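Undergrad: any chance you could fold what I've pasted below:
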Amino acid sequence: MKIRTWLMITYLLVMILPLAGAYGFFLWVQEWNHEKRVADTFELTERIHELEASLQSVDWYERRPREEFNREWEAVTNDSDVAVKLFRSDGLMVYNSESNDLRIEPRQSLLQGLYHYDLSFQSLSVKKPVFVDGEIKGIYDIRIDRSEWVEGVKNRRIGILALSGVLFLLIYSGVLWMLHRKWNLPLKRLISGMDRFADYQTTVRFPDKKKDELGQLMTHFESMQEQVEAANRETVREQEEKQLMMASFSHDIKTPLTSLQTYAEALQGEGLTEQERKEYLQILAGKSNHLKGLIEDLTTFAKFQSSSYEMERPEVDAEEFFDMLFEGYDEMARARGVLFLKEERIEGTVRMSAREMIRYLDNLMSNALRYTPEGKTIFAAVLGEKEPLPGWVFPEAAEEMFQERKGRALLLVQNEGPAIAEQQLESVLKPFYQGEASRTSDDGKQSGLGLSIAHMIAESHEGEMKLWSVPGRGMIIAMLFNQVHEGEG
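TA: From the prediction side, this is the model:
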């Protein structure tokens, strides 16, 4: 039960308790009154009849000193629960056993209710006239208190109050116990766990947490710990990547710099033919371009690693954008003796950065051109969300690609080069990964950031980059992305 529900129920019980006590007291008094009413009527009526015989004398209705009345009345009865008022026929009160206040009662009011026995919760009273020769000489009003009934009501009131007090103490004790069990103990555990996590970075779990608000808070704290741990792991990974980046970059830049220095020193010397000087200058230009590429890759990688980098993605016409994107690769493929086939089937608009998407496709095409043997084919295609896959897509990858697609558009680059072992597919997306072939010669050496940068560009476009490698056939890389639909801002 949630703490809020439990507190509401407790509050309701505390509010109902006084009402229940009052209602119980009322029912108890009603039952007591029902039991005593008949008995009191007969008993008190009999006592009144005994007193009435003494009040028939006309002497009672003459004015006299109060002391005489008191002596005579005490001679009639000494019971403190009996009270009497005596009136003359003209309405003058001549005696009141309870008070010295004597007044004149209007005759009409005095004669009202004669002979009527009035049984109330407190007393039984009756008012009767005294006749002499058919003429009213006086009127007496006798009241006898129902002392036993009143005492019973008092005892029952005390009983109800005592019972209510006991119930209140029980509820109060229950509330304190529940607060301690459902609030104090879990809160102390939570605070202790938070302190332990803050001081020692030790993961804290609460296996027996309840399904109340504090249990939800514990669940959120466990989730927060997981997020903090994931962030710490990510920080460690980034630090390791930075260290690897510096080590790899230092290693990769060392060779071209050494070559540049060697050939520069050779050019400064004498004894070189003109042909040798031209060859050395061409080598220097190649090494400089290679070094420039390394620096550009490193700059781009660092830019995407930065949390402050915000890439602008304007909304552009998809057909025109990808037509521009595919330009120039025919000549590059022809120079390598490779056939380049492209296919564009997309309409509508997309949100993309031209600069970054050019870099994305350049990285993929450079990778494809580097590994595709002469005489083989590189395929490229862009497909709208509802367009089917081209027929040249490797059948081994088509089914899985269809499941991964989930109604998204596709940008495909497929080559017929050597396949990558399945256990290495994830590694090729990691920074500074280089295949064995890339280390065989200085011309083949790359930064190892190409596919990693392409992967980050795909994610920065709210897309995904997937790789499939089929032994004996080649590799296909797909970028899955969303198009802009009508009504989207």
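
Undergrad: need the helices for the stretch 101-250 of the chain, in chain order.
TA: Assigned by DSSP state H, counting those that start in this stretch, the stretch 101-250 of the chain shows helices spanning 107-111, 147-179, 185-200, 213-268.

Undergrad: just the angle between the second one and helix 185-200, please?
TA: For helix 147-179 against helix 185-200, the angle by axes from the mean of the first three to the mean of the last three Cα atoms, to 10 degrees is 20 degrees.

Undergrad: may I see the buried residues of helix 147-179?
TA: When neighbours are counted by 16 or more other Cβ atoms under 10 Å, the buried residues of helix 147-179 are found to be Trp149, Gly152, Val153, Arg156, Ile160, Ser164, Val175. (C-beta placed from N, C-alpha, C; glycine too.)

Undergrad: so the closest residue in space to the fourth one that isn't next to it in sequence is in which element?
TA: For Arg156, the nearest residue in space outside its immediate sequence neighbours is Trp28; the separation is 5.0 Å by Cβ to Cβ, 6 or more residues apart in numbering. Secondary-structure assignment from DSSP states H and E places Trp28 in helix 3-52.

Undergrad: tell me, how many residues neighbour Ala368?
TA: By other Cβ atoms under 10 Å, the residues close to Ala368 number 27.

Undergrad: cool, Ser223 as well?
TA: Ser223 is surrounded by 10 other residues when neighbours are defined as other Cβ under 10 Å.

Undergrad: which residues of the stretch 351-489 of the chain score low on pLDDT?
TA: Applying pLDDT under 70 to the stretch 351-489 of the chain picks out residues 427, 429, 431-448, 487-489.

Undergrad: any idea how far the residue lying closest to Met194 once chain neighbours are set aside lies from Phe206?
TA: The spatial neighbour of Met194 that comes closest, neighbours along the chain excluded (Cβ to Cβ, 6+ apart), is Phe221 at 6.8 Å. When distance is defined by Cβ to Cβ, to the nearest Å, Phe221 is 8 Å away from Phe206.

Undergrad: same deal with Val166?
TA: Spatial separation of Val166 from Phe206 under the definition Cβ to Cβ is 37 Å.

Undergrad: please apply the same query to Asp133.
TA: In this structure, Asp133 and Phe206 are separated by 100 Å, where distance is defined by Cβ to Cβ.

Undergrad: the more surrounded of the two?
TA: For Asp133 versus Phe206, neighbours defined as other Cβ under 10 Å are more numerous around Phe206 (17 against 5).

Undergrad: returning to what we had before: which neighbours do Phe221 and Phe206 share?
TA: Residues touching both Phe221 and Phe206 (Cβ atoms under 8 Å, 6 or more residues apart in numbering) are Leu190, Gly193.

Undergrad: Glu238: how many residues sit nearby?
TA: 12.

Undergrad: cool, the one 5 residues further on as well?
TA: Burial of Gln243 is recorded as 10 neighbouring residues (other Cβ under 10 Å).

Undergrad: that one and Arg233, how far apart?
TA: Looking at Gln243 against Arg233, where the rule is Cβ to Cβ, the gap reads 16 Å.

Undergrad: Lys137 too?
TA: When distances are taken as Cβ to Cβ, Lys137 and Arg233 turn out to be 113 Å apart.

Undergrad: what does Phe481 show for phi and psi?
TA: phi -140, psi 170 (degrees, to the nearest 10).

Undergrad: you'd agree it is up against Gly407?
TA: No. With contacts defined as Cβ atoms under 8 Å, Phe481 does not count as touching Gly407, sitting 11.4 Å away.

Undergrad: okay, and the helix or strand of the protein with the least pLDDT?
TA: Using mean pLDDT, DSSP states H and E, helix 274-305 stands out as the lowest-scoring helix or strand of the chain, at a mean of 75.

Undergrad: output the contacting helices and strands for it.
TA: Helix 274-305 sits against helix 213-268, helix 450-460, with contacts defined as 3 or more Cβ pairs under 8 Å, 6 or more residues apart in numbering; DSSP states H and E.

Undergrad: what lies in contact with the next helix or strand after the shortest one?
TA: Past helix 450-460, heading to the C-terminal end, the next element that is a helix or strand (DSSP H and E) is strand 464-470. Applying Cβ under 8 Å, 6+ apart, the external contacts of strand 464-470 come out as 394, 396-397, 400-401, 404, 419-422, 425, 428-429, 454-455, 458-459, 475-480.

Undergrad: show the buried residues in the residues you listed.
TA: Buried members of those, counted by 16+ other Cβ under 10 Å: 394, 397, 401, 419-420, 428, 454-455, 458, 475-480.

Undergrad: shouldn't Arg63 be within a strand?
TA: No. Membership of Arg63 in a strand is not supported by DSSP: H, G, I helix; E, B strand; the rest coil, which gives coil.
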